[in-house]
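S.K.: got a structure for you, letters missing:
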C-alpha cells in the first residue's frame, strides 16, 4: 500500500476504494465531457479508484454524456443527481456517495494532466499531508486582449512542491484530502451554496478545528477552460468584489462580528490607494490598471460585506 497513513479504517466502510475523484457539474456539457476524458486517460497509480459525478441539474442533462464516457473508463464512474440547487449541496453529495480513504475534487471546466493523480498521491505520502493542492492554469477558449493577460486576473499563486499553505489559499478546483477528515468537518456550508466562498470556508474549518497540514504539489497541474463571458472587465471586477466580501463574511462567522469592522477599516485605507494606482496606470498599462482595479474591487467587497447580496450564483470557477 502506497499510503500507510491512510491505509487503516476501523469501520471498514471504505476498504474497497482508495481514492474517490469527485466532480460537480451543472449544465456544462462540453466541460464535463472533456474533464472526464482527461481523467480516464490518467496514468494509473497502484490504488483502487472510483469517479463520482454529481449533476446539480435536476433534469440530469449530463447523464448521457457521462454514461457514454464511462464505457471507456478503466475505473468505475458513478453518476448521481442532486436536486437541491447550489454547489455546496452538490459537493456534500459527493462526500456522501464517495467511498475513498482519499477524496479528490476537480471542477467540471478543468482537464487534468496525465500525471496529475500520481503526483498528488506521491506528495501526500512524501509530506504526510492532510490535504494537497495543485495549480490551476487558465486556458482561454478564444483570443483575449493583451490587457486581460497583463492584468493577471486569471493567474493563481504557485508554490514549490511541499510548501505549507495557509487556509486562505484553499480551493476545491484541484485538491486531494483525507476522506474521514473531510467528512468530520461537516462538509460544505449550505448557507453559501449559491453565494460562493464555500470552499474557503471548508479549508478554514480544516485548519481551525483540525490543524490540518495543507501542502502544495506544483507538478499536479490542471487546466481551466475560460469562456468568453468571463473575459470581460465586469466579470473580473465582480469576481474580486465577491471574493473580498466572502472572505470577510467567512472570518466573521468564525471569529465574531468585530471582523467586519476590522476589514472595513483595512478596505477603507487601501481603496483610495488602489484606485489612484489604477487611474495612474491607465496612461502606461491597461493591464496594470485592471490589476489595481481588481484590488480596489476587493477592498470594496471587504468594506461592504455586511450588505446583503442582490444576486446569487452557481459555479465551480
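M.R.: Sure thing, it's come through. All values derive from a computational prediction rather than experimental measurement.

S.K.: domain ranges for the protein?
M.R.: 4-229, 233-303 (automatic domain parsing).

S.K.: what about the first one, average pLDDT?
M.R.: Within the predicted structure, the mean pLDDT of domain 4-229 is 91.

S.K.: on the three-state scheme, residue 23 is what?
M.R.: strand (DSSP: H, G, I helix; E, B strand; the rest coil).

S.K.: spatially nearest residue to residue 131 (excluding sequence neighbours)?
M.R.: residue 177 (4.0 Å; C-beta to C-beta, 6 or more residues apart in numbering). Every residue, glycine included, has its C-beta placed from N, CA and C.

S.K.: wait, is the one you found part of a helix?
M.R.: No. Counting by three-state DSSP, one finds residue 177 to be strand, located in no helix.

S.K.: so how far is residue 45 from it?
M.R.: 17 Å (C-beta to C-beta, to the nearest Å).

S.K.: looking at the two, which one has more neighbours?
M.R.: Using other C-beta atoms under 10 Å, the more surrounded residue of residue 177 and residue 45 is residue 177, with 25 against 17.

S.K.: so what's the more buried one up against?
M.R.: Neighbour list for residue 177: 102, 103, 104, 105, 130, 131, 132, 206 [criterion: C-beta atoms under 8 Å, 6 or more residues apart in numbering].

S.K.: ends of stretch 159-174, what's the gap?
M.R.: 14 Å (C-alpha to C-alpha, to the nearest Å).

S.K.: neighbouring contacts of it?
M.R.: Under C-beta under 8 Å, 6+ apart, the answer for stretch 159-174 is 91, 105-107, 110, 123, 126-127, 131, 133-136, 157, 199-200, 202-204, 206-208, 213-220, 222, 224, 247, 316-317.

S.K.: now the residue with the largest distance to the centre of the chain: which helix or strand?
M.R.: The centre of the chain is farthest from one residue, residue 283, which by C-alpha atoms, centre = their mean lies 35.2 Å away. Under DSSP states H and E, no helix or strand contains residue 283.

S.K.: distance check, it against residue 120.
M.R.: 45 Å.

S.K.: then residue 172?
M.R.: Here residue 172 is placed at a distance of 13 Å from residue 120 (C-beta to C-beta).

S.K.: just residue 266 next, same as before
M.R.: For residue 266, the distance to residue 120 - C-beta to C-beta - is 35 Å.

S.K.: so between the two, which is more surrounded?
M.R.: residue 120 (25 against 14).

S.K.: hmm, residue 220 and the more buried one touching each other?
M.R.: Yes. Contact criterion C-beta atoms under 8 Å: residue 120 and residue 220 qualify, at 4.6 Å.

S.K.: contact partners of the helix or strand hosting residue 269?
M.R.: Secondary structure from DSSP H and E places residue 269 in helix 258-281. Here helix 258-281 makes contact (C-beta under 8 Å, 6+ apart) with 244, 247-248, 251-252, 288-293, 295-296, 298-303, 305-306.

S.K.: cool, and stretch 54-69?
M.R.: 22-27, 29, 32-33, 36-37, 40, 53, 77, 79-83, 85-87, 89-91, 93-94, 97, 314.

S.K.: let's see that with 6 Å instead.
M.R.: Under the criterion C-beta atoms under 6 Å, 6 or more residues apart in numbering, residues 24-27, 29, 32-33, 36, 53, 79-83, 90, 93-94 lie in contact with stretch 54-69.

S.K.: show me these that map onto helices.
M.R.: 29, 32, 33, 36, 90, 93, 94 (DSSP state H).

S.K.: now, the most widely separated pair of those residues?
M.R.: Farthest pair in the ones in helices among the contacts of stretch 54-69 (C-beta to C-beta) is 33 and 93. Separation: 20.4 Å.
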